[in-house]
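S.K.: I'll drop the sequence and a predicted model, then ask my questions.
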Amino acid sequence: MSLQTLPLPPSELGESPFWHPEEEQLYWCDIQGFAVHAWSPQTGQHRQWGLPSEPGCCAPAADGRLVIGLRNGFYLLDTAKDSADPTALTCLALLPADLHDTAVLRLNDGRCDTAGRFWAGSVITPRTAPHAALWCLQADASSTTGYSARHMAGDNFTANGLAFSPDNRTLYWSNTPEHRIDQFDFDVATGEITNRRPWVHFDRKVEGKPYGGRPDGAAVDVEGNYWVAMYEGACVLQLSPTGEVLQRIAVPVQCPTMVCFGGRICGRCSLRRHGRGGLWRSRRQRFQRGRCSVCGWTLPVCLSTHFNVHKKERSRVPSGNACRPVFQAYRLAVYRSQPAIVPLRPPTSLGCIRPSLTGTSSKSKGLIPSIHATLIPY
């Protein structure tokens, strides 16, 4: 199955794509382009919102808004307004200066959990010390905005690969330069993470030897398999819950940055790739920079919750039930910094619904809601 590039403008550094199941639109961030984009496959309309700093990640919130991680903290973007409107962007929580020096740190990869919390990791440049951290945006009645950012973990250089297992018991988080993916025990009811441990290590680059890449953005399917874009490895890996490589999907781009699941037109795998830098400058004849691609094979995915904008919502919604999960088959999509499509071997079994796990609803009894931010349809 061939890789299909979507009719979208290239990004300088495309990241954090997600498919909005209600709007049926694809959203993504262009980090170095200081913008968030949206595209409707039905109408072909493409919109973008300029931002004051680099958007590392985004996720849907209520009433057509987006929660965004910028260099210095978390913001809410009203997509009904133009970015020139000063009321379009609202600050929800700034990161504390003693833990987050904006001269060298910015927010990077992020997504929502099924209780509606928004999580984001940071990246440090230059890579002088492992001061990048994992942050969680949550309701806080004592804050003037109603929200605060909580420091959850540290000891990282470039935080990526944030994802949650479908049973809401495990949080995944990667340290890209260290070629390592970690796991935490996760309690969706409280948002606590504990028992950090290495899950998968990848071989580092050695001159003169084949290099498989390092782990970048990822997504988890309803079977608990972890799909990760291998930056500089020209591939996407499907890992089992035990860390076993189930399949390696070669892609015609050297630096895929994010994998996500997407909607109707995308029931596909969307790939984003890095769009700038020496590697791309030297190989631009071989790869189209900054494009998004989509590929074939449907996978079982549950669409779940938006970010909880109203702090009262979380207190009255039982854990997991904020998701309004809808079970549909979506194809895996890979983001290469510019939109495209990749062929995936179908899973051995799609009968993976486990009614005993949390996150069920009357409309989708027994379905496991996975984080909505993993969905994306390039």
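M.R.: Ah, there it is. Remember, it's a predicted structure, so these values are computed and weren't measured experimentally.

S.K.: Which residues are in contact with the residue nearest to residue 61 when sequence neighbours are not counted?
M.R.: Of all residues not flanking residue 61 in the chain, residue 307 sits nearest, at 4.3 Å (C-beta to C-beta, 6 or more residues apart in numbering). Glycine gets a C-beta too; all of them are placed from N, C-alpha and C. By C-beta atoms under 8 Å, 6 or more residues apart in numbering, the residues touching residue 307 are 59-62, 67, 112, 116-118, 137.

S.K.: how near is residue 307 to residue 62?
M.R.: 8 Å (C-beta to C-beta, to the nearest Å).

S.K.: Without its sequence neighbours, what residue ends up closest to residue 83?
M.R.: Closest to residue 83 by C-beta to C-beta, 6+ apart is residue 49, at 4.0 Å.

S.K.: Buried residues of the helix or strand in which that neighbour is found, list them for me.
M.R.: Assigned by DSSP states H and E, residue 49 belongs to strand 46-50. Buried positions in strand 46-50, judged by neighbour count with 16 or more other C-beta atoms under 10 Å: residue 49.

S.K.: Can you list the strands that the helix or strand that comes right after it pairs with?
M.R.: Sequence-wise, the next helix or strand downstream of strand 46-50 (DSSP H and E) is strand 57-60. Strand pairing for strand 57-60, using DSSP bridges, gives strand 65-69 (antiparallel).

S.K.: could you give the angle of the partner strand to strand 46-50?
M.R.: Here strand 65-69 runs at an angle of 50 degrees relative to strand 46-50 (axes from the mean of the first three to the mean of the last three C-alpha atoms, to 10 degrees).

S.K.: What lies in contact with strand 65-69?
M.R.: Counting by C-beta under 8 Å, 6+ apart, 27, 29, 36, 51, 55-61, 74-79, 92, 107-108, 110, 112, 118, 120, 137, 307, 309 sit against strand 65-69.

S.K.: Please apply the same query to stretch 132-145.
M.R.: 67, 74, 91-93, 95, 99-100, 105, 107-108, 117-124, 146-154, 156-159, 162, 173, 191, 307-308, 311, 314-315.

S.K.: tell me the mean pLDDT for it?
M.R.: Looking at stretch 132-145 alone, the average pLDDT works out to 93.

S.K.: Give the buried residues for that stretch.
M.R.: Going by neighbour count (16+ other C-beta under 10 Å), the buried part of stretch 132-145 is 132-140.

S.K.: And those, which two are furthest apart?
M.R.: Greatest spatial distance in the buried residues of stretch 132-145: 132 and 139, 24.7 Å, computed using C-beta to C-beta.

S.K.: rewinding a little: buried ones among the contacts of stretch 132-145?
M.R.: 67, 74, 92-93, 95, 100, 105, 107-108, 117-124, 147-149, 152-153, 156-159, 162, 173, 191, 307-308, 314.

S.K.: Just the strands from the stretch 1-150 of the chain, written as ranges.
M.R.: 4-5, 14-20, 25-30, 35-39, 46-50, 57-60, 65-69, 73-78, 89-94, 105-112, 118-124, 132-139, 147-156 (DSSP state E, counting those that start in this stretch).

S.K.: any chance of these in TSV, plus distance to residue 240?
M.R.: Below are the strands of the stretch 1-150 of the chain laid out as TSV (distance: least, C-beta to C-beta, whole Å):
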stretch	distance to residue 240
strand 4-5	28
strand 14-20	24
strand 25-30	28
strand 35-39	33
strand 46-50	37
strand 57-60	26
strand 65-69	29
strand 73-78	33
strand 89-94	36
strand 105-112	21
strand 118-124	23
strand 132-139	24
strand 147-156	24
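
S.K.: By mean pLDDT, show me the worst of these.
M.R.: strand 4-5 (a mean of 76).

S.K.: Check which helices and strands it sits against.
M.R.: Applying 3 or more C-beta pairs under 8 Å, 6 or more residues apart in numbering; DSSP states H and E, we find strand 4-5 packed against strand 292-295, strand 339-340.

S.K.: Which among the strands of the stretch 1-150 of the chain is found nearest to residue 257?
M.R.: Of these, nearest to residue 257 by C-beta to C-beta is strand 14-20, at 5.7 Å.
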